[in-house]
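Engineer: Sequence and computational prediction follow.
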Amino acid sequence: MRIFDSRAKEKVEFKPIKDNEVRIYVCGPTVYDDAHLGHARSAIAFDILRRTLKALGYRVLFMKNFTDIDDKIIKKMQDSGKSLKEITKYYIQRYLEDMDALGVQRADIEPKATENIDAMIAMIEKLLEKDCAYKIPNGDIYFDTSKDEKYCSLSKKCDEEQLSRIEPNPHKKNPADFALWKACKEKDYCFDAPFGKGRPGWHIECSAMINRHLAYHDMPYQIDIHAGGADLFFPHHENEAAQTRCATSQELAKYWMHNGFVTISGEKMSKSLGNSFFIKDALRVYDGEVLRFYLLSTHYRSPLNFNEEDLLQAKKRLDKLYRLKKRIYPIQNTPKANEFQKAILEALSDDLNISKALAVMDNFIAQANENLDQNPKDKALKKEIASNIASLTEIIGIGGKDPFSYFQQGIDEETKQKIEELIQRRSEAKKAKDFTKADAIRQELLDMGIALMDTPQGTLWEKI
């Protein structure tokens, strides 16, 4: 497998630290608000990475954190009058529900920052002991970037413009120095520590939690892959790498991967710009799998300009897969290591080349429909098609729904109930041999945009 390593700035052959084992860390959300499309895109991109590595035979240990202590969370507490736990528990649950709807598999490890404060304190103490950190007069503790010879070797972005993004402080030794610990202030949320009551800076939490929950401690690198959005590369990931190097004498990750931004009208997706598009809003209109398919259809490193027209086109493409699945209904099968699966994995093994993988899918759908036209009752053919669809479900996370339910999306529960009642009345009319009434009910449903299919399993319906 080849991946684009952000540090090398090129595609490289992926070689895990230990044979057949991969450890991946993805930066998770700061839980003070609902998740937006930027969160969704990152989650889906690295969900496919994880699925691909598993399908290639690797044992994958996957971790994603929750930042549940932060300036924005504290402000939310002050504005709402709710406790930190109330706010963060609510938004963590909302995030997980959104990810479930998008078909993103749960991480193996999901640590919260507040449950790992002791690990952060231990790492800060080690940095202080090694003279890689210092305390300023107000009690804040800063990392001394001048003590890390390799600082900026990851992102190579330590120019004046980039450094201006880092919070200034006249007591800092160097412009790039960053806060490891923020001393307790009025109305703050604080924790006890040997070096003074306060709370952790943002960067320290990832290093400390990786070191505690995921790291190899007997290798040059702690984990195989560290991933996240492109906006995290500097200063967040640069700072993580620096403090881990100084605290543990290890490199944090062997490979670094970053997904591109989601934009609307050409602007970076950002709450501060007021153009954030919440996942929850999209899910009110579109099935989660449609949204997943749209977001994964653009290569993960490329920017994605959200456009509802493109989303509708993506849905039409996914519809074709479900129309094929409907043709072989109710036959199901398990994924098989055949030529189709091999072609999908070969495409995704080239830095998750989704365009090539979906081209393989499109060709399969066209050929399968042609074969079914010629041999509509061929059970072996249908089982082979079902197996290939199962491979798409396992590796890309699409095609796993009941095809009739899929085509019912966008219909509210009240309308669904009315449809089911009409189908029941039609079934009763057919039993009574009142075919005129049965046909009239079918026509009434057609006028509502509902098509029926009578099967041995009962009458199924879909929106047309």
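Structural biologist: Now that the structure is in, tell me what you want to look at. Residues are numbered from 1 along each chain as shown.

Engineer: and F195, helix, strand or coil?
Structural biologist: Using DSSP: H, G, I helix; E, B strand; the rest coil, the structure places F195 in coil.

Engineer: meant to ask about P168, not that
Structural biologist: Three-state call for P168 (three-state DSSP): coil.

Engineer: What separation is there between it and N138?
Structural biologist: For P168, the distance to N138 equals 14 Å [CB to CB, to the nearest Å]. Using the backbone N, CA and C atoms, a C-beta is placed for each residue, glycine as well.

Engineer: of those two, who's got more company?
Structural biologist: N138 (11 against 8; other CB atoms under 10 Å).

Engineer: ok, that one - contacts?
Structural biologist: With contact set as CB atoms under 8 Å, 6 or more residues apart in numbering, N138 has these partners: H171, A183.

Engineer: List phi and psi for it.
Structural biologist: When read as degrees, to the nearest 10, the backbone of N138 gives phi -80, psi 0.

Engineer: Need the pLDDT of it.
Structural biologist: At N138, the pLDDT value in this model is 94.

Engineer: three-state assignment of the residue nearest to C152 when sequence neighbours are not counted?
Structural biologist: Spatially, and ignoring its direct neighbours in sequence, C152 is nearest to C158 (3.8 Å; CB to CB, 6 or more residues apart in numbering). Three-state call for C158 (three-state DSSP): coil.

Engineer: Break the protein into its domains for me.
Structural biologist: The chain breaks down into these domains under automatic domain parsing: 2-264, 315-410, 413-463.

Engineer: need the strands for the stretch 1-150 of the chain, in chain order.
Structural biologist: 2-5, 10-13, 21-26, 59-64, 133-135, 141-143 (DSSP state E, counting those that start in this stretch).

Engineer: Please apply the same query to the stretch 151-300 of the chain.
Structural biologist: For the stretch 151-300 of the chain, applying DSSP E, counting those that start in this stretch gives strands covering 178-183, 198-200, 221-229, 251-259, 262-264, 267-268.

Engineer: And for the stretch 351-464 of the chain?
Structural biologist: Here the stretch 351-464 of the chain has its strands, by DSSP E, counting those that start in this stretch, at 450-455, 458-463.

Engineer: who wins for proximity to Y32 among those strands?
Structural biologist: strand 458-463 (37.2 Å; CB to CB).

Engineer: low pLDDT regions in the stretch 1-150 of the chain?
Structural biologist: Along the stretch 1-150 of the chain, the model assigns pLDDT under 70 to no residue.

Engineer: all helices in it, in order from the N-terminus.
Structural biologist: For the stretch 1-150 of the chain, the helices defined by DSSP state H, counting those that start in this stretch cover 37-55, 71-80, 84-101, 117-129.

Engineer: any chance of these in CSV, plus mean neighbour count and distance to Q250?
Structural biologist: Shown next, in CSV, are the helices of the stretch 1-150 of the chain (neighbours: other CB atoms under 10 Å; distance: least, CB to CB, whole Å):
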stretch, mean neighbour count, distance to Q250
helix 37-55, 24, 22
helix 71-80, 15, 30
helix 84-101, 17, 30
helix 117-129, 19, 12
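
Engineer: how about those, which one is nearest N363?
Structural biologist: Closest among the helices of the stretch 1-150 of the chain, using CB to CB: helix 37-55, at 19.4 Å.

Engineer: from the chain's centre, how far out does that closest one sit?
Structural biologist: Helix 37-55 sits 5 Å away from the centroid of its parent chain (CA atoms, centre = their mean, to the nearest Å).

Engineer: Same question for stretch 105-119.
Structural biologist: Using CA atoms, centre = their mean, the distance from the centre of stretch 105-119 to the centre of the chain it belongs to is 16 Å.

Engineer: Surely L392 and K401 touch.
Structural biologist: No: with contact defined as CB atoms under 8 Å, L392 does not reach K401; the gap is 11.8 Å.

Engineer: and those two? which has more neighbours close in?
Structural biologist: When neighbours are counted by other CB under 10 Å, L392 and K401 differ, and L392 comes out ahead with 23 against 17.

Engineer: Tally up the residues packed near the residue nearest to Q78 when sequence neighbours are not counted, please.
Structural biologist: Leaving out its chain neighbours, the residue that sits closest to Q78 by CB to CB, 6+ apart is K187, at 6.4 Å. K187 has 9 neighbouring residues, counting by other CB under 10 Å.

Engineer: How about the backbone phi and psi for K187?
Structural biologist: phi 60, psi 20.

Engineer: now, of the domains of the chain, which is deepest in the fold?
Structural biologist: By mean neighbour count, with neighbours taken as mean count of other CB atoms under 10 Å, domain 2-264 ranks first of the domains of the chain at a mean of 19.

Engineer: now it, how far from the centre of its chain.
Structural biologist: For domain 2-264, the distance to the chain centre is 16 Å (CA atoms, centre = their mean).

Engineer: coming back round to it: select, out of the helices of the stretch 1-150 of the chain, the one closest to Q409.
Structural biologist: Of those, nearest to Q409 by CB to CB is helix 84-101, at 11.6 Å.

Engineer: Identify the residues contacting the closest one?
Structural biologist: For helix 84-101, contacts defined as CB under 8 Å, 6+ apart pick out 29, 31-35, 39-40, 43, 66, 68-69, 73-74, 76-77, 80, 106, 112, 114, 189, 279-280, 283, 288, 291.

Engineer: rerun that using 6 Å as the cut-off
Structural biologist: The contact list for helix 84-101 (CB atoms under 6 Å, 6 or more residues apart in numbering) reads 29, 31, 34-35, 43, 66, 68, 76-77, 189, 279, 283, 288.

Engineer: about what we covered before: I'd like the strands of the stretch 1-150 of the chain laid out as TSV, including distance to G397.
Structural biologist: Below are the strands of the stretch 1-150 of the chain laid out as TSV (distance: least, CB to CB, whole Å):
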stretch	distance to G397
strand 2-5	19
strand 10-13	23
strand 21-26	16
strand 59-64	14
strand 133-135	42
strand 141-143	38
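
Engineer: Among these, which comes closest to K416?
Structural biologist: Of all the strands of the stretch 1-150 of the chain, strand 59-64 comes closest under CB to CB, at 34.6 Å.

Engineer: Would you mind writing the CA trace of that closest one as CSV?
Structural biologist: Extracted C-alpha coordinates of strand 59-64, given in CSV (Å, rounded to 0.1, in the frame of the first residue of the first chain):
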residue,chain,number,x,y,z
ARG,A,59,-4.8,-5.9,12.6
VAL,A,60,-5.8,-2.2,13.1
LEU,A,61,-6.0,-0.5,16.5
PHE,A,62,-7.8,2.8,15.9
MET,A,63,-8.1,5.7,18.3
LYS,A,64,-10.0,9.0,18.2
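
Engineer: Against which helices or strands is it packed?
Structural biologist: strand 21-26, helix 37-55 (3 or more CB pairs under 6 Å, 6 or more residues apart in numbering; DSSP states H and E).

Engineer: I am finished for the moment; much appreciated.
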